[in-house]
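Enquirer: below are the sequence and a predicted model; questions follow.
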Amino acid sequence: MSESRMAVLKRLAPVRERLSALLTAKGGCYPPQAVWLLALKSERVIELWVGDNVSPVFVKDFPILAASGVAGPKLTEGDGQVPEGIYAITALNPESRFYLSLRIDYPNAFDLKWAGSEHRSNPGSDIYIHGGAESAGCLAIGDSAIEELFVLASDTGMANISVAISPHDPRRTDLDTCGKPLWVKALYAELTNTFSGFVTKTP
């Protein structure tokens, strides 16, 4: 852990206290065993779920304040698209130009496989969930929200966090696969299956 990250976590001790109280009120523990972030591009929200693989618990929504692009996966550097898929967190950046940020592992193995198959040599990189209210290809959720996710990710451990990004909520409306390549159909089937495990969303 870098000194700057340690300093940030020390400064954000009150955030940890709030998170601990919130998760306890939800019947969970702090830090949780696992964290899932379900990002919905059309609805412009990130849902926070915690717990285990059997019975995850909904905690809260984080409004997405800025995100560029339209429905559909990211294909190349500079296309302005927010990726779609299932991702891990690979880094916590305490010195982001957008205050704090969490880096996701786009392009992952799935993205790279199909980029290679379609001869897309530069699928892009450096995709983050970050603070502030502006973004190009990333998800901006504001400074207060990123403080909570930064502390939660640090305490839970990056290996225990999954990020699912979908064009819209597949629990409400089927993802449109009409005319799309087979790999997008497979991706959307995986997203639909993943989101189906998160159904009991209570205040």
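Expert: Nice, I can see it. Residues are numbered from 1 along each chain as shown.
Enquirer: which residues sit against the longest strand along the chain?
Expert: For the chain, the longest strand by residue count, based on DSSP state E, is strand 85-96. With Cβ atoms under 8 Å, 6 or more residues apart in numbering as the test, strand 85-96 has contacts from 2, 4-5, 7-8, 73, 100-106, 108, 110-111, 128, 130-131, 150, 153-154, 158-159, 161-165, 187, 190-191, 194. Heads up, the C-betas are built off the backbone N, CA and C, glycines and all.
Enquirer: just the buried ones from those?
Expert: By neighbour count, with 16 or more other Cβ atoms under 10 Å, these hold 5, 8, 73, 100-106, 110-111, 128, 130-131, 150, 153-154, 158, 161-165, 187, 191, 194 as buried.
Enquirer: narrow these to those in helices?
Expert: The members of these that map onto helices under DSSP state H are Arg5, Val8, Phe110, Asp111, Phe150, Ala153, Ser154, Leu187, Leu191, Thr194.
Enquirer: export these to TSV and tack on pLDDT and distance to Gly80?
Expert: Putting those into TSV (pLDDT from 0 to 100; distance: Cβ to Cβ, whole Å) gives the following:
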residue	pLDDT	distance to Gly80
Arg5	87	30
Val8	92	29
Phe110	96	21
Asp111	96	16
Phe150	97	25
Ala153	97	26
Ser154	96	30
Leu187	97	19
Leu191	98	21
Thr194	96	25
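Enquirer: okay, now the unreliable bits of the chain?
Expert: The model of the chain has pLDDT under 70 over residues 1-3, 202-203.
Enquirer: try it again at 80.
Expert: Per-residue confidence for the chain (pLDDT under 80) gives these ranges: 1-3, 52-54, 200-203.
Enquirer: how close does the residue nearest to the spatial centre of it sit to His119?
Expert: Geometric centre of the chain, nearest residue: Val163, 3.8 Å, by Cα atoms, centre = their mean. Here Val163 is placed at a distance of 27 Å from His119 (Cβ to Cβ, to the nearest Å).
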